[in-house]
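[1] return a 3D structure for these sequence lines:
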Amino acid sequence: MSNTELLQIEPLELQFPFELKKQISCSMQLTNKSENHVAFKVKTTNPKKYCVRPNTGVVMPHSSCDVTVTMQAQKEAPPDMQCRDKFLLQSVVVNPGLSSKDITPEMFNKDSGNQVDECKLRVAYVPPPRPPSPVREGSEEGSPPRASVSEDGTVNQASDLNMMSKGFPETNEITSEVKALISKLTEEKQSIIQQNSRLQQELDLLRRQGHRSTGGVPVMYAIIFGLIGILLGYLFKRT
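    Prediction:
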């Protein structure tokens with residue numbers, strides 16, 4: 001900040017984030033802490049390159065004024081990113097009631113006996129700000145699914161599970177095949193149980209008839225026991 005007799009200027013160095021083929025602006029603030037009305041005028045060594053708004057004006061007592069300096073779009077970058085341009089801010093005390101339209105170049109002429117304060121401002125080029133990192137939408141490939149949250153804060157896990165099942169149609173097909181196989185095995189098991197029950201009844205009948213005979217075990221008994229063993233082995237094997 002420059003503490004002159006009439007105006008305080010912030011900043012003393014105009015910094016432009018340099019970019020090719022793009023207009024760039026920066027601002028400075030003029031503060032009048034005196035009891036006087038102060039008129040100002042901004043000059044530059046390169047008027048074709050810069051636009052100053054406002055370039056003249058009146059700062060009321062205990063008030064501030066913002067000045068915007070715009071650099072025209074440049075086609076080429078300067079060597080070593082150095083800028084030799086300069087600005088000159090002149091200020092002078094004026095009568096109360098004077099407006100910006102009443103300001104004339106003669107007011108800032110020292111040869112006319114006016115007390116003119118002057119402040120030189122430097123110009124510097126700085127790197128442009130970095131753009132923000134882009135935010136990736138959705139979950140990344142290979143990452144686990146995330147539960148969505150509704151406006152009232154409830155986690156919608158059911159809908160997410162439905163979306164997961166839709167995303168894996170092969171799983172649904174495998175489940176259907178397994179269910180069909182289980183149903184078929186259950187039917188076969190019931191059929192074998194029924195056959196075993198009938199054979200058991202026939203065996204009981206033959207036992208009752210066998211009590212009447214003497215001697216060794218009848219051949220029919222051996223055949224029946226063999227069939228029962230085969231059926232039971234098949235049943236346990238399939239189960």
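[2] domains for this protein, by residue range?
    2-126, 179-238 (automatic domain parsing).
[3] could these go into CSV alongside distance to residue 132?
    The C-beta positions use only the backbone N, C-alpha and C, and glycine is treated the same way. Putting the domains of the chain into CSV (distance: least, C-beta to C-beta, whole Å) gives the following:
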stretch, distance to residue 132
domain 2-126, 15
domain 179-238, 52
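[4] in JSON lines: these, plus mean neighbour count.
    Listed next are the domains of the chain as JSON lines, based on neighbours: other C-beta atoms under 10 Å:
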{"stretch": "domain 2-126", "mean neighbour count": "15"}
{"stretch": "domain 179-238", "mean neighbour count": "11"}
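[5] weakest of those domains by average pLDDT?
    Of all these, mean pLDDT reaches its minimum on domain 179-238 (a mean of 75).
[6] between the domains of the chain, which one is nearest to residue 134?
    The stretch from the domains of the chain with the least distance to residue 134 (C-beta to C-beta) is domain 2-126; that distance is 19.8 Å.
[7] what is the end-to-end distance of stretch 93-106?
    End-to-end distance of stretch 93-106 (C-alpha to C-alpha, to the nearest Å): 13 Å.
[8] list the contacts of it.
    6, 36-39, 41, 54, 56-58, 107, 112, 115 (C-beta atoms under 8 Å, 6 or more residues apart in numbering).
[9] which parts of the protein are strands?
    Along the chain, counting by DSSP state E, strands occupy 2-3, 8-10, 13-17, 24-32, 37-44, 50-53, 56-59, 63-71, 86-94, 117-126, 148-149, 155-156.
[10] what packs against the fourth one?
    Strand 24-32 is packed against strand 8-10, strand 13-17, strand 56-59, strand 63-71, with contacts defined by 3 or more C-beta pairs under 8 Å, 6 or more residues apart in numbering; DSSP states H and E.
[11] next, the angle strand 86-94 makes with it.
    For strand 24-32 against strand 86-94, the angle between stretch directions is 30 degrees (axes from the mean of the first three to the mean of the last three C-alpha atoms, to 10 degrees).
[12] for strand 24-32, the distance to its chain's centre please.
    Remark: strand 24-32 is offset 34 Å from the chain centroid, using C-alpha atoms, centre = their mean, to the nearest Å.
[13] go on, the longest one?
    Distance of strand 117-126 from its chain centroid, counting by C-alpha atoms, centre = their mean, is 40 Å.
[14] same deal with the fifth one?
    The gap between the average C-alpha position of strand 37-44 and the chain average comes to 46 Å, counting by C-alpha atoms, centre = their mean.
[15] can you check stretch 17-24 too?
    Per C-alpha atoms, centre = their mean, the centroid offset for stretch 17-24 relative to its chain is 27 Å.
[16] end-to-end on it?
    With C-alpha to C-alpha applied, stretch 17-24 spans 7 Å between its terminal residues.
[17] now swap in stretch 70-90 and tell me
    One end of stretch 70-90 to the other measures 19 Å (C-alpha to C-alpha).
[18] which residues does the closest residue to residue 25 other than its chain neighbours contact?
    Closest residue in space to residue 25, ignoring its immediate chain neighbours: residue 70 at 4.5 Å, by C-beta to C-beta, 6 or more residues apart in numbering. The neighbours of residue 70, taking C-beta under 8 Å, 6+ apart as the test, are 23, 24, 25, 50, 51, 52, 53.
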